[in-house]
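J.: got a predicted structure here, sequence first:
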Amino acid sequence: MNNELRREKFLLRDLRVGISRIGQPFSACQLCEPEGTTWPAYWWQKFPYPTIWPDEMEVMATVRPRQLGNRWLFDIITMNVAALELSPKTHAMPDLPFPKWLLPLTPRPVLLRELWAQICLIRNPWLRLFNQRILHDPDVSLRWVSVPASQRHHHAEPAGLLRHSVEAIRLLSKSPQMSQQEWEIARTALLWHDVGKIMAYRGSSRRLAEEFLTRHEIAIVEVLALHLAWLRQVAPELVTALKLHWYPPQQGRPLMPGRILVEACDRTSAALDSRQQVFSGQPAWRQYGQREGAGPIERFWRLREDSHMA
(Lines give C-alpha, C1' and ligand atoms only; values in the text may rest on other atoms or scores of the structure.)
Protein backbone atom coordinates (compact mmCIF):
# COMPACT_ATOMS: atom_id res chain seq x y z
CA MET A 1 0.00 0.00 0.00
CA ASN A 2 1.29 3.48 -0.87
CA ASN A 3 -0.10 7.01 -0.87
CA GLU A 4 -0.68 7.32 -4.61
CA LEU A 5 -4.06 8.45 -5.92
CA ARG A 6 -6.41 5.66 -7.02
CA ARG A 7 -9.57 5.95 -9.15
CA GLU A 8 -11.73 2.85 -8.95
CA LYS A 9 -15.24 1.49 -8.61
CA PHE A 10 -16.38 0.56 -5.11
CA LEU A 11 -19.56 -0.57 -3.40
CA LEU A 12 -20.69 2.07 -0.93
CA ARG A 13 -21.71 1.14 2.60
CA ASP A 14 -22.59 2.93 5.85
CA LEU A 15 -22.52 6.48 4.50
CA ARG A 16 -23.00 9.07 7.21
CA VAL A 17 -22.38 12.78 7.57
CA GLY A 18 -21.17 14.78 10.55
CA ILE A 19 -19.21 17.69 11.95
CA SER A 20 -15.68 17.25 13.29
CA ARG A 21 -14.52 18.54 16.66
CA ILE A 22 -13.11 21.63 14.95
CA GLY A 23 -16.41 22.34 13.19
CA GLN A 24 -15.51 20.91 9.77
CA PRO A 25 -18.27 19.03 7.92
CA PHE A 26 -17.29 15.59 6.69
CA SER A 27 -18.71 12.39 5.25
CA ALA A 28 -17.64 8.92 6.33
CA CYS A 29 -18.34 5.56 4.71
CA GLN A 30 -17.01 2.11 3.90
CA LEU A 31 -15.71 1.50 0.36
CA CYS A 32 -15.75 -2.15 -0.68
CA GLU A 33 -13.52 -3.40 -3.49
CA PRO A 34 -14.80 -6.06 -5.94
CA GLU A 35 -12.76 -8.81 -4.27
CA GLY A 36 -14.31 -7.97 -0.90
CA THR A 37 -11.72 -5.80 0.87
CA THR A 38 -13.44 -2.98 2.73
CA TRP A 39 -11.77 0.33 3.60
CA PRO A 40 -12.91 3.08 5.94
CA ALA A 41 -13.07 6.31 3.95
CA TYR A 42 -13.49 10.00 4.79
CA TRP A 43 -14.50 12.93 2.62
CA TRP A 44 -13.41 16.14 4.32
CA GLN A 45 -16.23 18.33 3.10
CA LYS A 46 -20.00 18.59 3.26
CA PHE A 47 -21.65 15.78 1.29
CA PRO A 48 -22.28 17.53 -2.06
CA TYR A 49 -25.41 15.67 -3.15
CA PRO A 50 -29.03 16.28 -2.07
CA THR A 51 -29.65 12.67 -1.02
CA ILE A 52 -27.69 10.46 1.35
CA TRP A 53 -26.76 7.49 -0.84
CA PRO A 54 -27.86 4.00 0.20
CA ASP A 55 -25.79 0.89 0.87
CA GLU A 56 -24.60 -1.33 -1.99
CA MET A 57 -24.66 1.44 -4.58
CA GLU A 58 -21.70 1.35 -6.99
CA VAL A 59 -19.62 4.53 -6.93
CA MET A 60 -16.62 5.78 -8.86
CA ALA A 61 -14.20 7.36 -6.40
CA THR A 62 -10.79 8.99 -6.50
CA VAL A 63 -9.08 8.23 -3.20
CA ARG A 64 -5.70 8.66 -1.54
CA PRO A 65 -4.68 5.90 0.89
CA ARG A 66 -3.40 7.13 4.25
CA GLN A 67 -1.91 5.21 7.16
CA LEU A 68 -3.34 5.95 10.59
CA GLY A 69 -1.47 4.01 13.25
CA ASN A 70 -1.52 0.35 12.27
CA ARG A 71 -4.33 0.63 9.72
CA TRP A 72 -4.93 2.15 6.34
CA LEU A 73 -7.89 4.30 5.32
CA PHE A 74 -8.92 6.33 2.28
CA ASP A 75 -9.27 10.07 1.96
CA ILE A 76 -11.89 10.69 -0.74
CA ILE A 77 -11.03 13.32 -3.35
CA THR A 78 -14.09 12.86 -5.60
CA MET A 79 -16.99 10.41 -5.61
CA ASN A 80 -19.80 10.00 -8.14
CA VAL A 81 -22.48 7.46 -9.04
CA ALA A 82 -20.61 4.95 -11.23
CA ALA A 83 -23.56 4.42 -13.60
CA LEU A 84 -23.66 8.13 -14.42
CA GLU A 85 -19.98 8.25 -15.36
CA LEU A 86 -20.51 6.60 -18.76
CA SER A 87 -19.43 8.85 -21.61
CA PRO A 88 -22.14 9.41 -24.26
CA LYS A 89 -19.45 9.50 -26.95
CA THR A 90 -19.20 5.71 -26.87
CA HIS A 91 -21.05 4.20 -29.84
CA ALA A 92 -21.80 0.83 -28.22
CA MET A 93 -23.28 1.84 -24.89
CA PRO A 94 -23.71 -1.07 -22.48
CA ASP A 95 -26.98 -1.51 -20.63
CA LEU A 96 -26.84 -0.68 -16.94
CA PRO A 97 -27.49 -3.45 -14.41
CA PHE A 98 -30.65 -3.53 -12.35
CA PRO A 99 -30.23 -1.17 -9.34
CA LYS A 100 -30.69 -3.78 -6.60
CA TRP A 101 -29.98 -1.18 -3.93
CA LEU A 102 -33.42 0.34 -4.66
CA LEU A 103 -35.36 -2.83 -3.79
CA PRO A 104 -35.29 -2.53 0.04
CA LEU A 105 -36.13 1.18 -0.22
CA THR A 106 -39.51 0.89 -1.97
CA PRO A 107 -42.72 -0.61 -0.56
CA ARG A 108 -43.39 -2.09 -4.03
CA PRO A 109 -40.28 -4.02 -5.15
CA VAL A 110 -42.29 -6.23 -7.53
CA LEU A 111 -43.47 -3.18 -9.48
CA LEU A 112 -39.91 -1.88 -9.62
CA ARG A 113 -38.74 -5.15 -11.19
CA GLU A 114 -41.63 -5.04 -13.67
CA LEU A 115 -40.72 -1.49 -14.62
CA TRP A 116 -37.08 -2.44 -15.22
CA ALA A 117 -38.19 -5.28 -17.49
CA GLN A 118 -40.36 -2.83 -19.46
CA ILE A 119 -37.41 -0.45 -19.82
CA CYS A 120 -35.08 -3.21 -21.03
CA LEU A 121 -37.52 -3.99 -23.87
CA ILE A 122 -37.06 -0.51 -25.35
CA ARG A 123 -35.25 -0.95 -28.68
CA ASN A 124 -33.80 2.54 -29.02
CA PRO A 125 -30.50 2.26 -27.09
CA TRP A 126 -30.40 5.94 -26.09
CA LEU A 127 -33.94 5.96 -24.73
CA ARG A 128 -33.32 2.69 -22.93
CA LEU A 129 -30.17 4.01 -21.29
CA PHE A 130 -31.86 7.34 -20.50
CA ASN A 131 -34.50 5.49 -18.47
CA GLN A 132 -31.93 3.25 -16.80
CA ARG A 133 -29.79 6.25 -15.82
CA ILE A 134 -32.72 7.90 -14.05
CA LEU A 135 -33.35 4.84 -11.89
CA HIS A 136 -29.63 4.72 -11.07
CA ASP A 137 -29.70 8.36 -9.91
CA PRO A 138 -30.44 8.29 -6.16
CA ASP A 139 -31.33 11.98 -6.10
CA VAL A 140 -34.33 11.11 -8.31
CA SER A 141 -35.14 7.46 -7.79
CA LEU A 142 -35.06 7.23 -3.99
CA ARG A 143 -38.05 9.54 -3.71
CA TRP A 144 -39.73 8.47 -6.95
CA VAL A 145 -40.09 4.85 -5.74
CA SER A 146 -41.38 5.78 -2.30
CA VAL A 147 -43.61 8.90 -2.30
CA PRO A 148 -47.36 9.00 -3.04
CA ALA A 149 -48.76 10.32 -6.31
CA SER A 150 -51.09 12.63 -4.38
CA GLN A 151 -52.16 13.40 -0.83
CA ARG A 152 -55.90 12.67 -0.95
CA HIS A 153 -56.59 11.90 -4.61
CA HIS A 154 -55.39 8.87 -6.57
CA HIS A 155 -52.55 6.51 -5.59
CA ALA A 156 -52.16 8.33 -2.28
CA GLU A 157 -50.23 5.58 -0.47
CA PRO A 158 -46.43 5.28 -0.08
CA ALA A 159 -44.93 4.34 -3.48
CA GLY A 160 -48.17 5.47 -5.08
CA LEU A 161 -46.20 7.45 -7.66
CA LEU A 162 -44.40 4.29 -8.75
CA ARG A 163 -47.67 2.32 -8.91
CA HIS A 164 -49.44 5.05 -10.89
CA SER A 165 -46.58 5.31 -13.40
CA VAL A 166 -46.38 1.56 -13.97
CA GLU A 167 -50.17 1.21 -14.29
CA ALA A 168 -50.24 4.09 -16.78
CA ILE A 169 -47.62 2.60 -19.09
CA ARG A 170 -49.49 -0.71 -19.03
CA LEU A 171 -52.40 1.15 -20.63
CA LEU A 172 -50.33 2.61 -23.46
CA SER A 173 -50.78 0.12 -26.29
CA LYS A 174 -49.02 0.60 -29.60
CA SER A 175 -51.19 1.93 -32.42
CA PRO A 176 -50.45 0.50 -35.90
CA GLN A 177 -50.08 4.10 -37.12
CA MET A 178 -47.24 4.78 -34.64
CA SER A 179 -43.66 3.79 -35.32
CA GLN A 180 -41.81 1.76 -32.70
CA GLN A 181 -39.73 4.80 -31.81
CA GLU A 182 -42.79 7.06 -31.41
CA TRP A 183 -44.33 4.49 -29.08
CA GLU A 184 -41.15 4.22 -27.02
CA ILE A 185 -40.92 8.02 -26.73
CA ALA A 186 -44.55 8.17 -25.57
CA ARG A 187 -43.95 5.43 -22.98
CA THR A 188 -40.83 7.19 -21.68
CA ALA A 189 -42.69 10.51 -21.44
CA LEU A 190 -45.57 8.78 -19.63
CA LEU A 191 -43.22 7.04 -17.21
CA TRP A 192 -41.72 10.33 -16.00
CA HIS A 193 -44.71 12.65 -16.49
CA ASP A 194 -45.16 13.05 -12.72
CA VAL A 195 -41.50 13.01 -11.65
CA GLY A 196 -41.75 16.71 -10.76
CA LYS A 197 -43.85 15.69 -7.76
CA ILE A 198 -40.75 14.50 -5.92
CA MET A 199 -39.75 18.15 -5.51
CA ALA A 200 -42.51 18.41 -2.94
CA TYR A 201 -40.89 15.77 -0.70
CA ARG A 202 -37.27 16.90 -0.43
CA GLY A 203 -35.86 15.27 2.69
CA SER A 204 -39.27 14.89 4.29
CA SER A 205 -42.58 13.07 3.99
CA ARG A 206 -44.38 16.42 4.27
CA ARG A 207 -45.17 18.45 1.18
CA LEU A 208 -43.53 21.82 0.59
CA ALA A 209 -45.18 25.08 -0.44
CA GLU A 210 -43.82 24.62 -3.96
CA GLU A 211 -46.27 21.77 -4.51
CA PHE A 212 -49.22 23.97 -3.56
CA LEU A 213 -48.18 27.04 -5.50
CA THR A 214 -46.77 25.67 -8.77
CA ARG A 215 -47.70 22.92 -11.20
CA HIS A 216 -45.56 19.82 -10.86
CA GLU A 217 -45.24 19.52 -14.66
CA ILE A 218 -43.00 22.60 -14.62
CA ALA A 219 -40.43 20.69 -12.56
CA ILE A 220 -40.01 17.70 -14.92
CA VAL A 221 -37.06 19.17 -16.81
CA GLU A 222 -35.56 20.49 -13.56
CA VAL A 223 -35.59 17.06 -11.94
CA LEU A 224 -34.33 15.32 -15.08
CA ALA A 225 -31.90 18.09 -16.15
CA LEU A 226 -28.76 15.96 -15.77
CA HIS A 227 -30.20 13.13 -17.85
CA LEU A 228 -31.77 15.33 -20.52
CA ALA A 229 -28.42 17.07 -20.94
CA TRP A 230 -26.78 13.65 -21.41
CA LEU A 231 -29.46 12.61 -23.95
CA ARG A 232 -29.08 15.91 -25.84
CA GLN A 233 -25.42 15.09 -26.55
CA VAL A 234 -26.29 11.86 -28.38
CA ALA A 235 -29.87 12.30 -29.65
CA PRO A 236 -31.13 15.91 -29.41
CA GLU A 237 -34.34 15.16 -31.31
CA LEU A 238 -35.37 12.71 -28.59
CA VAL A 239 -35.20 15.55 -26.05
CA THR A 240 -37.41 17.68 -28.30
CA ALA A 241 -39.88 14.83 -28.68
CA LEU A 242 -40.07 14.20 -24.93
CA LYS A 243 -40.68 17.89 -24.24
CA LEU A 244 -43.49 17.94 -26.82
CA HIS A 245 -45.13 15.13 -24.83
CA TRP A 246 -44.79 17.00 -21.53
CA TYR A 247 -45.54 20.56 -22.62
CA PRO A 248 -47.76 22.12 -25.31
CA PRO A 249 -45.89 23.52 -28.36
CA GLN A 250 -45.41 27.28 -28.53
CA GLN A 251 -47.97 27.77 -31.30
CA GLY A 252 -50.28 24.95 -30.19
CA ARG A 253 -49.02 22.78 -33.06
CA PRO A 254 -47.68 20.31 -33.97
CA LEU A 255 -49.60 18.19 -31.47
CA MET A 256 -47.97 14.78 -31.41
CA PRO A 257 -50.48 11.89 -31.17
CA GLY A 258 -48.32 10.38 -28.44
CA ARG A 259 -49.04 13.39 -26.22
CA ILE A 260 -52.78 12.69 -26.44
CA LEU A 261 -52.14 9.07 -25.47
CA VAL A 262 -49.93 10.11 -22.54
CA GLU A 263 -52.63 12.40 -21.16
CA ALA A 264 -55.33 9.75 -21.68
CA CYS A 265 -53.38 6.98 -19.92
CA ASP A 266 -52.48 9.31 -17.04
CA ARG A 267 -56.10 10.32 -16.51
CA THR A 268 -57.40 6.77 -16.92
CA SER A 269 -55.01 5.37 -14.31
CA ALA A 270 -55.96 8.15 -11.88
CA ALA A 271 -59.69 7.71 -12.49
CA LEU A 272 -59.61 3.93 -12.06
CA ASP A 273 -57.79 4.21 -8.74
CA SER A 274 -60.08 6.99 -7.47
CA ARG A 275 -63.19 5.03 -8.46
CA GLN A 276 -61.88 1.92 -6.73
CA GLN A 277 -61.41 3.93 -3.53
CA VAL A 278 -64.91 5.45 -3.77
CA PHE A 279 -66.65 2.09 -4.12
CA SER A 280 -64.35 0.07 -1.87
CA GLY A 281 -66.44 -1.61 0.81
CA GLN A 282 -69.71 -0.45 -0.78
CA PRO A 283 -72.52 -2.91 -1.58
CA ALA A 284 -72.68 -4.16 -5.16
CA TRP A 285 -76.00 -2.43 -5.78
CA ARG A 286 -74.59 1.04 -5.13
CA GLN A 287 -74.04 2.85 -8.43
CA TYR A 288 -73.24 6.43 -7.39
CA GLY A 289 -70.31 7.62 -5.31
CA GLN A 290 -68.30 10.76 -4.69
CA ARG A 291 -65.29 11.97 -2.79
CA GLU A 292 -63.99 15.37 -1.81
CA GLY A 293 -60.38 16.46 -2.18
CA ALA A 294 -58.27 19.51 -2.74
CA GLY A 295 -60.00 20.20 -6.06
CA PRO A 296 -63.58 19.73 -7.33
CA ILE A 297 -65.73 16.94 -5.93
CA GLU A 298 -65.15 13.69 -7.84
CA ARG A 299 -68.34 11.86 -8.82
CA PHE A 300 -68.54 8.35 -10.20
CA TRP A 301 -71.22 6.05 -11.59
CA ARG A 302 -70.92 2.35 -12.35
CA LEU A 303 -73.01 -0.42 -13.82
CA ARG A 304 -74.61 -2.89 -11.43
CA GLU A 305 -72.85 -6.22 -11.43
CA ASP A 306 -76.03 -7.97 -12.59
CA SER A 307 -76.55 -5.55 -15.53
CA HIS A 308 -76.96 -7.29 -18.86
CA MET A 309 -78.14 -6.57 -22.37
CA ALA A 310 -81.71 -7.50 -23.11
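T.: Sure thing, it's come through. Residues are numbered from 1 along each chain as shown.
J.: please count neighbours and contacts with C-alpha atoms only from this point.
T.: OK.
J.: just the helices from this protein, written as ranges.
T.: 109-120, 125-136, 138-144, 160-171, 180-191, 209-213, 220-223, 225-234, 236-246, 257-279 (DSSP state H).
J.: I'd like those helices as JSON lines, with distance to residue 152 and mean pLDDT appended.
T.: Below are those laid out as JSON lines (distance: least, Cα to Cα, whole Å; pLDDT from 0 to 100):
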{"stretch": "helix 109-120", "distance to residue 152": "22", "mean pLDDT": "96"}
{"stretch": "helix 125-136", "distance to residue 152": "26", "mean pLDDT": "97"}
{"stretch": "helix 138-144", "distance to residue 152": "18", "mean pLDDT": "96"}
{"stretch": "helix 160-171", "distance to residue 152": "11", "mean pLDDT": "95"}
{"stretch": "helix 180-191", "distance to residue 152": "21", "mean pLDDT": "96"}
{"stretch": "helix 209-213", "distance to residue 152": "13", "mean pLDDT": "60"}
{"stretch": "helix 220-223", "distance to residue 152": "22", "mean pLDDT": "94"}
{"stretch": "helix 225-234", "distance to residue 152": "29", "mean pLDDT": "95"}
{"stretch": "helix 236-246", "distance to residue 152": "24", "mean pLDDT": "95"}
{"stretch": "helix 257-279", "distance to residue 152": "10", "mean pLDDT": "89"}
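J.: other residues contacting stretch 173-185?
T.: Applying Cα atoms under 8 Å, 6 or more residues apart in numbering, the set of residues contacting stretch 173-185 from outside is 122-124, 127, 238, 241-242, 258.
J.: could you pick out the buried ones from those?
T.: For those, a burial check counting by 16 or more other Cα atoms under 10 Å picks out 122, 127, 238, 241-242, 258.
J.: can I get those residues in a markdown table with distance to residue 21?
T.: Compiled in a markdown table, the buried ones among the contacts of stretch 173-185 are given as follows (distance: Cα to Cα, whole Å):
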| residue | distance to residue 21 |
| --- | --- |
| 122 | 51 |
| 127 | 47 |
| 238 | 50 |
| 241 | 52 |
| 242 | 49 |
| 258 | 57 |
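J.: which one of those residues is nearest residue 56?
T.: For these, the residue nearest residue 56 by Cα to Cα is residue 127; the value is 25.6 Å.
J.: who's in contact with the closest one?
T.: Counting by Cα under 8 Å, 6+ apart, residue 127 touches 184-185, 188, 238.
J.: from those, list the buried ones, please.
T.: For those, burial is judged from neighbour counts taken by 16+ other Cα under 10 Å, and it is met by 184-185, 188, 238.
J.: of the residues you listed, just say which sits nearest to residue 28.
T.: residue 188 (36.4 Å).
J.: I figured the closest one was touching residue 130, is that so?
T.: No. Contact criterion Cα atoms under 8 Å: residue 188 and residue 130 do not qualify, at 9.1 Å.
J.: now do the longest strand anywhere in the chain: which elements does it pack against?
T.: Counting residues, the longest strand in the chain under DSSP state E turns out to be strand 6-19. Of the remaining helices and strands, those touching strand 6-19 by 3 or more Cα pairs under 8 Å, 6 or more residues apart in numbering; DSSP states H and E are strand 25-32, strand 58-68.
J.: paired strands for that strand, with orientation please.
T.: Each strand that pairs with strand 6-19, with its direction, by DSSP bridges: strand 25-32 (antiparallel), strand 58-68 (antiparallel).
J.: return the most buried member of those.
T.: Mean neighbours per residue, mean count of other Cα atoms under 10 Å, is largest over these for strand 25-32, with a mean of 20.
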